[in-house]
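Q: My questions are about this predicted structure, shown below with the sequence.
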Amino acid sequence: IEFAAECCDRVLLMGNGQVLADGDKHDVLAGSLFFTTQYNKCFRGVADGVVTREEASRALGVLP
């Protein structure tokens, strides 16, 4: 999931042969409790929508 968040703009999640979610990586990954990045789990409620390492660094003030 981290790889998809870093490399893709759009994410599609499938289960039992059906599409469970399809859309912008922030909409799909930030809105999921289970299928999300570790960054989103750590920053949830503090800096919403953080799904990548770069976004986490910005939220911490490490990157401009």
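A: That came through fine.

Q: residue boundaries of the strands in this structure?
A: 10-15, 18-24 (DSSP state E).

Q: what's next to the longest one, contact-wise?
A: For strand 18-24, the external contacting residues (Cβ atoms under 8 Å, 6 or more residues apart in numbering) are 9-14, 28, 31-32, 35. Glycine gets a C-beta too; all of them are placed from N, C-alpha and C.

Q: Switch those over to TSV; also include neighbour count, distance to residue 2 and pLDDT.
A: TSV is the format used below for the contacts of strand 18-24 (neighbours: other Cβ atoms under 10 Å; distance: Cβ to Cβ, whole Å; pLDDT from 0 to 100):
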residue	neighbour count	distance to residue 2	pLDDT
9	8	15	95
10	11	16	96
11	20	12	94
12	12	16	93
13	17	15	92
14	10	18	93
28	21	14	92
31	13	17	83
32	17	14	84
35	16	12	89
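
Q: could those be laid out in CSV, adding distance to residue 3?
A: Listed next are those as CSV, based on distance: Cβ to Cβ, whole Å:
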residue, distance to residue 3
9, 14
10, 14
11, 11
12, 14
13, 14
14, 16
28, 14
31, 19
32, 16
35, 13
